[in-house]
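A.B. asks: mind folding the following:
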Amino acid sequence: MTARMALRIRTLRKFQQQAKAETRLGGSHRDAVPDEGHMKDFEGKQIVIDFEQLASGHATDMTHAETFILHLIQRGKANAIKVPVLEAATNLQGVEVRETIRHLIMEHGVLIASCTHGFFIAETAEEITEATRSLRHRGIMILMRAAKLQKISIEEIFNQTVFEFTTEVKK
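C.D. replies: Residues are numbered from 1 along each chain as shown. Next up, the predicted model:
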């Protein structure tokens with residue numbers, strides 16, 4: 001872990017402690033939160049996090065863990081952060097970290113990508129393309145394994161998957 005990341009984690013842990021204390025006192029901790037720059041969603045719209053609402057627990061759909069992880073994940077592939085570092089910073093298990101990141105992507109539209117070096121917020125078209133290519137490859141390889149297990153073709157397993165997915169979405 002770099003000195004910069006260690007400092008960032010200490011700062012965010014301080015923020016976490018202040019948020020808990022100030023929530024009990026009914027105060028705000030907006031000034032305790034480091035500025036994260038300009039994060040955008042899938043449509044290019046600015047992602048705005050109202051930390052006063054987070055502190056008071058009112059009118060927000062982003063959890064404290066989501067906010068904390070969002071502050072830890074850096075912009076750009078060169079600044080990717082591995083799950084063990086996120087685990088250490090958040091006191092969450094790896095599965096919980098990944099689920100939180102999945103929720104940030106799927107429900108909040110944050111462009112979080114991954115590579116062998118960890119998670120990062122994709123900034124460039126190249127980073128998005130590379131991350132998308134990796135996800136497609138991983139998905140196809142999983143479908144190929146499932147097809148082998150069932151001793152059917154990749155097309156048949158794909159059609160089953162599409163049917164199951166559309167059924168699930170309709171629920």
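
A.B. asks: can you tell me which helix in this protein is longest?
C.D. replies: What stands out as the longest helix in the chain, according to DSSP state H, is helix 125-150.

A.B. asks: from the contact counts, what lies against it?
C.D. replies: Judged by 3 or more Cβ pairs under 8 Å, 6 or more residues apart in numbering; DSSP states H and E, the packing partners of helix 125-150 are strand 112-115, helix 154-170. All C-beta spots, glycine's among them, are computed from the backbone N, C-alpha and C.

A.B. asks: give me the contact list for the longest one.
C.D. replies: Taking Cβ atoms under 8 Å, 6 or more residues apart in numbering as the criterion, the residues outside helix 154-170 that touch it are 140, 143-144, 146-147, 150.

A.B. asks: return the members of the residues you listed classed as buried.
C.D. replies: 143, 147 (16 or more other Cβ atoms under 10 Å).

A.B. asks: got JSON lines for the contacts of helix 154-170, with distance to residue 165 and pLDDT too?
C.D. replies: As requested, these are exported to JSON lines (distance: Cβ to Cβ, whole Å; pLDDT from 0 to 100):
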{"residue": "140", "distance to residue 165": "15", "pLDDT": "95"}
{"residue": "143", "distance to residue 165": "12", "pLDDT": "95"}
{"residue": "144", "distance to residue 165": "17", "pLDDT": "96"}
{"residue": "146", "distance to residue 165": "13", "pLDDT": "95"}
{"residue": "147", "distance to residue 165": "16", "pLDDT": "96"}
{"residue": "150", "distance to residue 165": "17", "pLDDT": "95"}
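
A.B. asks: please identify the most buried of the helices and strands packed on helix 125-150.
C.D. replies: strand 112-115 (a mean of 18; mean count of other Cβ atoms under 10 Å).

A.B. asks: what lines up beside that one in the sheet?
C.D. replies: strand 118-121 (antiparallel) (DSSP bridges).

A.B. asks: convert the C-alpha atoms of the strand it pairs with to PDB, please.
C.D. replies: Output in PDB follows, covering the C-alpha atoms of strand 118-121 (Å, rounded to 0.1, in the frame of the first residue of the first chain):
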ATOM      1  CA  GLY A 118      -8.000  -3.900  -8.700                       C
ATOM      2  CA  PHE A 119     -11.000  -1.500  -9.100                       C
ATOM      3  CA  PHE A 120     -10.900   2.000 -10.500                       C
ATOM      4  CA  ILE A 121     -13.300   4.600 -11.800                       C
END
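
A.B. asks: nearest to residue 125, out of the helices and strands packed on helix 125-150?
C.D. replies: Relative to residue 125, the nearest member of the helices and strands packed on helix 125-150 by Cβ to Cβ is strand 112-115, separated by 11.8 Å.

A.B. asks: returning to what we had before: next, the buried residues of the longest helix of the chain.
C.D. replies: So, applying 16+ other Cβ under 10 Å, buried residues of helix 125-150: 127, 131, 143, 147.
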